[in-house]
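Undergrad: 3D, please:
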Amino acid sequence: MIERIKEIIADTLGIDIERITDDLAAGDIEEWDSVGNLTIISTIEEELEVDIPIEDLYELNNVKAIVEEIIKLKNE
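TA: Sure, this is the predicted structure:
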C-alpha cells in the first residue's frame, strides 16, 4: 500500500519514485504546488477507492501524512 501511494504521487507529479521520501512535502519541489497537491489527493481517492474527508485535506501536505491517512481510511 505504501509503495502504491508513493507511485501515485510520483506519477502525478511526473517525477522519479526515488525522489518520494516520507518527509517530502508540498513546496519542497517545484512540481508539488497547491494544484499538484489536489491532483495527488483526487488521484489517490480514485485509484485506491477512498473518500478523504474535506476537513482532513489541509493536513495532507506531505508523504507521511498522506500515507497515514490512507492506511487509517482503509482500516476503517
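Undergrad: and Met1, what does it touch?
TA: Val67, Ile70, Ile71, Lys74 (CB atoms under 8 Å, 6 or more residues apart in numbering). Backbone N, C-alpha and C define where each C-beta goes, glycine included.
Undergrad: quick one: Ile44 and Val50 touch, right?
TA: Yes - between Ile44 and Val50 a contact is recorded at 7.0 Å, counting by CB atoms under 8 Å.
Undergrad: overlap in contacts, those two.
TA: Ile70.
Undergrad: between the two, which has more neighbouring residues?
TA: Ile44 (23 against 15; other CB atoms under 10 Å).
Undergrad: how many other residues sit next to the residue nearest to that one when sequence neighbours are not counted?
TA: Excluding its sequence neighbours, the residue lying closest to Ile44 (CB to CB, 6 or more residues apart in numbering) is Ile8, at 5.5 Å. Counted with other CB under 10 Å, the neighbours of Ile8 add up to 21.
Undergrad: separation between the nearest residue in space to Asn62 that is not next to it in sequence and Asp33?
TA: Excluding the flanking residues, the one nearest Asn62 by CB to CB, 6+ apart is Ala25, at 3.7 Å. Per CB to CB, to the nearest Å, Ala25 is found 12 Å from Asp33.
Undergrad: more neighbours: which of those two?
TA: Taking other CB under 10 Å, Ala25 and Asp33 do not tie; Ala25 has more neighbours (16 against 13).
Undergrad: you'd agree that one is up against Val63?
TA: Yes - using CB under 8 Å, Ala25 is in contact with Val63, at 7.5 Å.
Undergrad: in the helix or strand Glu47 falls within, what's buried?
TA: Following DSSP states H and E, one finds Glu47 within helix 34-48. For helix 34-48, the neighbour count (16 or more other CB atoms under 10 Å) marks Gly36, Asn37, Ile40, Ile41, Ile44 as buried.
Undergrad: report pLDDT for the fourth one.
TA: At Ile41, the model reports a pLDDT of 96.
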